[in-house]
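K.L.:
Next come a sequence and a model predicted from it.
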Amino acid sequence: MAARFHFRLEPLRKLREALEREAERALGRALQAERMIRDEIDALAAQRQAVFDARRVGAGMRLDLELWRAGEAFLVALERRQVEAYARLREAGHRVAAAREGLAIAHRNHLMLVRLKERRALQHAREQELREALALDELAVLRHARRTA
């Protein structure tokens, strides 16, 4: 009966697989956070454009100075929020890059053990075939010896 293949590093392979899945989730969270910041920047740009559109005065219309000042104050606040958002976007980009690197390392570590397992399984199968061939050869020799005796 052929012996079953047992990979002694299977618990480590499972651990590295779990670490790879966690790295994938971490990258997903980092990408989602970056996307949210980009959406916030887009919303701020839309608000800025809305203020500019609201401040337009048609030909022959009077300029409302209070509305203009309020719009200017709002634009200053929007610009400050945009600067902060771009700083957060840079930080989020660094976190995404770090998460990608972490995922690449985790994948490489997991893949290394998967390939080792495959090589060991193939080696085990070859050894089993060799054992079976030797056993069949020995059986054939014994049968031949009985026939000639």
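P.N.:
Received the coordinates, thanks.

K.L.:
CA only for contacts and neighbour counts going forward, please
P.N.:
Noted.

K.L.:
for H6, helix, strand, or coil?
P.N.:
coil (DSSP: H, G, I helix; E, B strand; the rest coil).

K.L.:
What about it, how many residues nearby?
P.N.:
H6: 11 surrounding residues under other C-alpha atoms under 10 Å.

K.L.:
same thing with H110?
P.N.:
Per other C-alpha under 10 Å, the neighbour tally for H110 reads 21.

K.L.:
got a list of what it touches?
P.N.:
By C-alpha atoms under 8 Å, 6 or more residues apart in numbering, the contact set of H110 is 13, 16-17, 20.

K.L.:
what does the model give it for pLDDT?
P.N.:
Per-residue pLDDT puts H110 at 97.

K.L.:
Equivalent analysis for W68, please.
P.N.:
If you check W68, the pLDDT there is 80.

K.L.:
which stretch of helix or strand covers it?
P.N.:
In the assignment (DSSP states H and E), W68 maps to helix 65-148.

K.L.:
State the mean pLDDT of the host helix or strand of R21.
P.N.:
Taking DSSP H and E as the definition, R21 sits inside helix 10-55. Mean pLDDT, helix 10-55: 94.

K.L.:
what's it packed up against?
P.N.:
When contacts are defined as 3 or more C-alpha pairs under 8 Å, 6 or more residues apart in numbering; DSSP states H and E, helix 10-55 packs onto helix 65-148.

K.L.:
So what's the gap between the helix it packs on and the chain middle?
P.N.:
Relative to the centre of its chain, helix 65-148 is centred 8 Å away, using C-alpha atoms, centre = their mean, to the nearest Å.
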